[in-house]
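S.K.: This is a predicted model, with the sequence first.
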Amino acid sequence: MSDLIGYVIRGIPFGCIFSLIAVGLVLTYKTSGVFNLAFAAQAFFSAAVYYDARVRHGWALVPAFVLAVVILGPLVGFVLDRFLYRYLRTAPEIARLVTSLGLLVAGPSIVQLWFGSSSAFGPPSIWPHPDAFYRFGQYALDANQMATLVFTVVAVLGLVALFRWSAIGLQMRAVVESPRMTELAGINADRVSTFSWMLSSLFAGLAGVLLAPLFAQVAANNFTTLIVAAVAAAAFGRLTSIPMTLLGGLPLGVVQGLLTGYLPPDSIVARGLRPSLPFVALFLLLVFLPSLRHRREATDPLAGVDPPPPAPAATERTHVFTVLTWSLGVAFVVIAQGLVFATIFLSFTVITGMAGQVSLCQASFAAIGAFTTAQLVNRYDAPVLVTIVAGTVLAAVVGAMLAVPALRLGGIYLSLATLAFALMFESVLVPLHWVSGGDLPLKVPRPLLGSIDFANEKAFFLLCLGVLALAAGVVILVRRGTTGRYLDALRGSEVAATAVGINPTRARITAFSLSAGIAGLGGGLLATQTGQANYNANFTSFFGLFWVVLVVTLGARSVQGAVNAGLGLVLFPQLLKLLGLSGGYEYIFFGLGALTYAQHPEGIIEAQTRRSLQFVQGLVERRRKKQSTVDITDDGGDVVQTHPEPVSR
């Protein structure tokens, strides 16, 4: 019994951190309608500032805490609201999600440019007596654990009092429903929104400086992964209830403490279940909690959205042909890899561009294709091309199985469920030898087709080009076919589409399965292109997030956008190296580029192409009108107007 209580006490500080981050997420979501996944980047920023001030510059505890948490934390929130999220308040939910994903990708890289890319070990505590122990009978808490417990309780109680008994709390809740109608009541909605963002960012800073000593290092990965556990706690609170969110975070920490204490550290169950517990909890809560399944985003009755028209199909085909023709003059190895990634990115054209859903597990589907290819080749000496097809089919089947429970959700909840699946796949399945091959990546040779050896780079380039053309043709046919039209109707209005007999579940499962299969196809091709199925080099969950940001920035609604994204992924880092820039600049540029999604959901390149076409068409139209008003003199000297006045009768 004493061991049980000891393990529970050991897990409480992590449960407090889960609750603290979750409360910050709920606060932002309640008051602005934005699920701020960039919360992790904000926490990492404050932790890095606190470490730099205390360790590298020798500041005292209080000034360093005030700078990192009280000043810079709210300042980041003010900047985010004033210059970004204020203009996304009436934007579609997918636009707000993509924007926060862009900040999640770009934020840590921006901080690391100043702080350094290596982890900083031994971060100092924010407790005045860092070496003290506090005993409760035979159990004890160290200074970091006590600091986490005290600060979490005080912060949450203060928030509950703010929302329940203060005028500003009531105003904050009103702004999320309709900022414009709130202003009609004489409330400054912009000021209330700014206050809520600054308060939420204060929570992010506090969570950052509390978490770093518990992990004994300041590393961006700790904050990014931990936010999923906080999301599970937020889901338990239905994204609205702060007390329920607090109660949801504590059990997660306690259960993790129990698993750490009772399971042998080297067992497969311990290595798989303990790190994946928050992801499993999140997935189950999202799928089976009725209030989340039927929850829909709040819409402002006074807001309207005018989406841009789709790009002309002729322009899209011409651009793709031009890009591929130009690619023949560049290094075959680099461009072939770009074509492989373009194949993977076509999966986003289906799931995001056509179905209107943001999937955060496409990298996992690509990994399934790569692992299937590698295992079949190494275990059964099967032909490489056959194993790539097998990987494609298996990825499509897994995608369909995931879609059945996940598509009961919608919007942000579907995206969170796919993120939970990606992290479960990474922590549970990837370490298994029969899945990934263990610690060393499995080797995958280039394919053979009769007398054609694709070990030759030119031949392999043509193979990649052919596979991309085949996948693009399938995507175009689906988009123009019945399924594509059904998905267009569902994206416009699911209620209206269902009323005319469209089955939304069948259409979306088809789209999900097709996108997973295309990702698996590209994953198998990438394994044979690189010579190995290397998860850490190509398919991690962070890469999956970055892929989403990259594709939606350049254009997820067209084949052109996938091709641009694939080529940009391999060529842009090469350009940065030529300019003397390295170390995550591509994450910064593309992450910040995702901030344009709300204004240009069709993608930056398509938006610029349309703008150029409109400019040229405007010039032609103005010249035509000018010529039409010019008087023309005939041979007899009479003046004839090109548009004579009508004769009255």
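M.R.: Sure thing, it's come through.
S.K.: Any regions of the stretch 501-649 of the chain where pLDDT drops low?
M.R.: By pLDDT under 70, the low-scoring segments of the stretch 501-649 of the chain are 582-583, 598, 602-603, 605-606, 629-649.
S.K.: And the helices in it?
M.R.: Along the stretch 501-649 of the chain, counting by DSSP state H, counting those that start in this stretch, helices occupy 504-530, 535-538, 541-554, 559-578, 585-593, 604-628.
S.K.: ok, now the stretch 151-300 of the chain?
M.R.: Using DSSP H, counting those that start in this stretch, the helices assigned to the stretch 151-300 of the chain run over residues 167-177, 179-184, 189-215, 220-236, 242-262, 268-288, 290-293.
S.K.: need those helices in TSV with mean neighbour count and distance to I110, can you?
M.R.: No exception for glycine: its C-beta is placed from N, CA and C like everyone else's. Output for the helices of the stretch 151-300 of the chain, formatted as TSV (neighbours: other CB atoms under 10 Å; distance: least, CB to CB, whole Å):
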stretch	mean neighbour count	distance to I110
helix 167-177	18	28
helix 179-184	16	29
helix 189-215	25	15
helix 220-236	25	11
helix 242-262	20	28
helix 268-288	19	26
helix 290-293	13	32
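S.K.: Can I get those helices in JSON lines including distance to F136?
M.R.: Shown next, in JSON lines, are the helices of the stretch 151-300 of the chain (distance: least, CB to CB, whole Å):
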{"stretch": "helix 167-177", "distance to F136": "34"}
{"stretch": "helix 179-184", "distance to F136": "46"}
{"stretch": "helix 189-215", "distance to F136": "19"}
{"stretch": "helix 220-236", "distance to F136": "25"}
{"stretch": "helix 242-262", "distance to F136": "16"}
{"stretch": "helix 268-288", "distance to F136": "26"}
{"stretch": "helix 290-293", "distance to F136": "36"}
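S.K.: Format the ones you listed as a markdown table; extra columns: mean pLDDT and distance to D488.
M.R.: Formatted as a markdown table, the helices of the stretch 151-300 of the chain follow (pLDDT from 0 to 100; distance: least, CB to CB, whole Å):
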| stretch | mean pLDDT | distance to D488 |
| --- | --- | --- |
| helix 167-177 | 74 | 30 |
| helix 179-184 | 72 | 30 |
| helix 189-215 | 87 | 33 |
| helix 220-236 | 78 | 30 |
| helix 242-262 | 79 | 37 |
| helix 268-288 | 70 | 26 |
| helix 290-293 | 60 | 24 |
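S.K.: Could you break the protein into its assigned domains?
M.R.: Annotated domains of the chain cover 2-117+140-293, 336-596 [automatic domain parsing].
S.K.: shouldn't L103 be in contact with F44?
M.R.: No. Applying CB atoms under 8 Å, one finds L103 not in contact with F44, separated by 11.7 Å.
S.K.: need the contact list for T28.
M.R.: 34-36, 39, 196-197, 200 (CB atoms under 8 Å, 6 or more residues apart in numbering).
S.K.: Quick check: it vs A120, distance?
M.R.: Distance of T28 to A120, given as CB to CB, to the nearest Å: 27 Å.
S.K.: Equivalent analysis for L545, please.
M.R.: For L545, the distance to A120 equals 23 Å [CB to CB].
S.K.: again, but for L4
M.R.: 35 Å.
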